[in-house]
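**Student:** let's see this in three dimensions:
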Amino acid sequence: MSEPSAPPNAPATLAQVARWPGWPFAAAALAVALAAPSLTDGLQGEDWGIVLDATARAFDPWPFHAAPDPSRANVAAREAGFVPWFSDPELRIVFFRPLGTWLLQLDALVARATGLSGAAGIQLIRAHGLAWLAALIVAGGIALRRLLGPSAAFLLALAVFATDDGKALAAGWISNRPAVVSAALGLFAFVAHDRWRRDGSAVAAVAAPVLLAVAYLGGETALGAALLVVAHALVTERGWRARGRALAPAALVTLAWAAFYALAGYGARGSSVYVSPLGSPQTFLAELPVRFGASMLGLLVWPAADGWYAAAALAPAAVAVAVAVVLGAGALTVLGRAASEARSAPLWWAGGALATSATCTVVSSERVLLVPSLAAAGVLGLAGARWLADTRDPRVPRWRRLGAGAGLAWIVTVQALLTAALATVRARTFVPYESSLRAGVDTAFLGVGPEQQLFLVTVPDAGFGGLTVQLGARLRRAPPRVRVLYPGTGAAAVTRIDDRTLRLRADGGFFDSIANRMLHDVSRPLPPGHAVRLSGVTVVVEEVGQDSLPRAVLVRTDRPLDDPSHVWRRWTGDRFERFALPATGATAEVEPLAKLPFGSTRRVFGVP
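**Tutor:** Numbering: from 1, shown residues only. Here you go, the predicted model:
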């Protein structure tokens, strides 16, 4: 009786196919094709200001300047209505991304030189973003090829990396393009570092830190690439002295960037969405388990880090952490066993964990997981190749072959085919948002004179309200003073206490959305009696919930509520309409509204 043959690590045909050197470029072409619908996507959030500024201003060779004093800037923003009354006095969200600004100015110069304007000019900006997406995929493909070799694992990993739906969203979102630029340059730096350490290339030894420094000019995403270098040194180098030599260039570049970043006043403070471990350590540590768990689940289990984070926000923190630990441990057990035989597996696991931790300064989202997604692709590629080999090995028990087949089918269908389908949808995420915003700008300021004060009693969230007012100001439609009272979609009640006082009660509170939490550090409560004084009106916290955040506030105007200088409006779901103030002692109920539309994937995954 002959012994069974040794199990194949991968089918020979796949190994031969994987030898084609053009796979990274083919994958880049596929990723660009999936994200191409973003050329006609809507504008969202900061996109409006970026596009208007890039086309209106002359080239600025030094586009990064000292940030204004946050207390003065926030007072001015509150007065204008750009942020609601509860915005944190210490709110400061200023990022160091000069390369992104230079590239946008280049787009504007090209658009003017070619006569492109309006929608065509915006398509030019987005096409430039798709070019950086292609660069990102090429860099990731080269890294996977070098570390996995021409194998089935490489092909699977490259397919997972290229079809990631989060990249389509990131590339088409104009204000998120610096992250794509930074990630692409960071991964090229990682490739150069690998060539230096494993091939002894002197050119790569110089190119690696230079590329990393330029990546830091693109944005903070480069930190994830630097942490991949750390994992590379820990896994591939022998001895701590060798590890120190390998890490020295990247470490010096990173320390110089971090020192400048801190000393120049860049970073985030006073926010619950952007959280600095140095500026707000309490909030960062409280958010870290949920954000890290949601991101890892999105990378390895189901491609919806946004959805995992939203689900965690709806559940008690302890339950959310427990779910993340249980599901994460299961994924680690299954994938770790399947990928443990590969020499590069520890690099992908360690690099993925480190790079993911670097993204936890912001809420979990696929658009910020550009670098960690490379490590996750490496893990999934190794797991898929092992499972593929198991399905062809007659020595493996039948039940294990069935399980391996199921695991392989899951990677192919969920992590490649499903994400590819979602990519084409997410590439046009903001079309309905832009439609709603245009309706808001068109209806909020109708008939409002410059001497009047506009009260927007309800808006969908703080981001929508602030952007409506900012665009209205740019178009010279908004009055100088706009007051956003309740940015939320939950049920609310407005009671007139006397001729100058309203009580506004929001059952879900004033911080039930990510946009609202972005503007206040919720670890700093607003106690009863806390008053915010603005021109013509004072908002006083009357009642708080168990989280020590407001549930009811008093709105006291200097002039009578019915004074002709006051205009009262509310969002109805598709436009702003007049809000009829109740009589003294009476209450006007505000019905809950649907969340702002962000495309079908947002509804599928239940993201607020």
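
**Student:** got the residue ranges for the strands in the stretch 1-150 of the chain?
**Tutor:** For the stretch 1-150 of the chain, applying DSSP state E, counting those that start in this stretch gives strands covering 92-94.

**Student:** any chance you could map the helices in it?
**Tutor:** For the stretch 1-150 of the chain, helices defined by DSSP state H, counting those that start in this stretch occupy the ranges 12-17, 23-35, 47-56, 70-80, 98-114, 118-148.

**Student:** for residue 443, find the nearest of the ones you listed.
**Tutor:** Ranking the helices of the stretch 1-150 of the chain by their distance to residue 443 (criterion: Cβ to Cβ) puts helix 47-56 first, at 17.3 Å. Every C-beta, even on glycine, is put in place using the N, C-alpha and C of the backbone.

**Student:** related to what we said a few turns ago, can I get the helices of the stretch 1-150 of the chain in a markdown table with mean pLDDT, distance to residue 356 and mean neighbour count?
**Tutor:** Shown next, in a markdown table, are the helices of the stretch 1-150 of the chain (pLDDT from 0 to 100; distance: least, Cβ to Cβ, whole Å; neighbours: other Cβ atoms under 10 Å):
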| stretch | mean pLDDT | distance to residue 356 | mean neighbour count |
| --- | --- | --- | --- |
| helix 12-17 | 79 | 29 | 13 |
| helix 23-35 | 97 | 21 | 20 |
| helix 47-56 | 68 | 26 | 17 |
| helix 70-80 | 76 | 29 | 16 |
| helix 98-114 | 87 | 23 | 17 |
| helix 118-148 | 94 | 16 | 21 |
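
**Student:** low-confidence ranges, the stretch 251-400 of the chain, go.
**Tutor:** For the stretch 251-400 of the chain, residues meeting the criterion pLDDT under 70 lie at 312-342.

**Student:** hey, where'd the helices end up in it?
**Tutor:** Using DSSP H, counting those that start in this stretch, helices in the stretch 251-400 of the chain cover 281-300, 305-314, 317-339, 345-358, 372-391, 398-412.

**Student:** could you dump those helices to a markdown table with distance to residue 448?
**Tutor:** Formatted as a markdown table, those follow (distance: least, Cβ to Cβ, whole Å):
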| stretch | distance to residue 448 |
| --- | --- |
| helix 281-300 | 38 |
| helix 305-314 | 35 |
| helix 317-339 | 43 |
| helix 345-358 | 45 |
| helix 372-391 | 46 |
| helix 398-412 | 55 |
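
**Student:** which of those sits closest to residue 432?
**Tutor:** Here helix 305-314 is closest among the helices of the stretch 251-400 of the chain (Cβ to Cβ), at 16.6 Å.

**Student:** now the closest one and helix 372-391, what's the angle there?
**Tutor:** 100 degrees (axes from the mean of the first three to the mean of the last three Cα atoms, to 10 degrees).

**Student:** need the strands for the stretch 501-608 of the chain, in chain order.
**Tutor:** Using DSSP E, counting those that start in this stretch, strands in the stretch 501-608 of the chain cover 501-506, 531-534, 537-544, 550-557, 566-571, 576-578, 587-590.

**Student:** dump the ones you listed into JSON lines; add distance to residue 235 and mean pLDDT as well.
**Tutor:** Shown next, in JSON lines, are these (distance: least, Cβ to Cβ, whole Å; pLDDT from 0 to 100):
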{"stretch": "strand 501-506", "distance to residue 235": "51", "mean pLDDT": "96"}
{"stretch": "strand 531-534", "distance to residue 235": "52", "mean pLDDT": "94"}
{"stretch": "strand 537-544", "distance to residue 235": "49", "mean pLDDT": "96"}
{"stretch": "strand 550-557", "distance to residue 235": "49", "mean pLDDT": "96"}
{"stretch": "strand 566-571", "distance to residue 235": "53", "mean pLDDT": "96"}
{"stretch": "strand 576-578", "distance to residue 235": "57", "mean pLDDT": "95"}
{"stretch": "strand 587-590", "distance to residue 235": "57", "mean pLDDT": "94"}
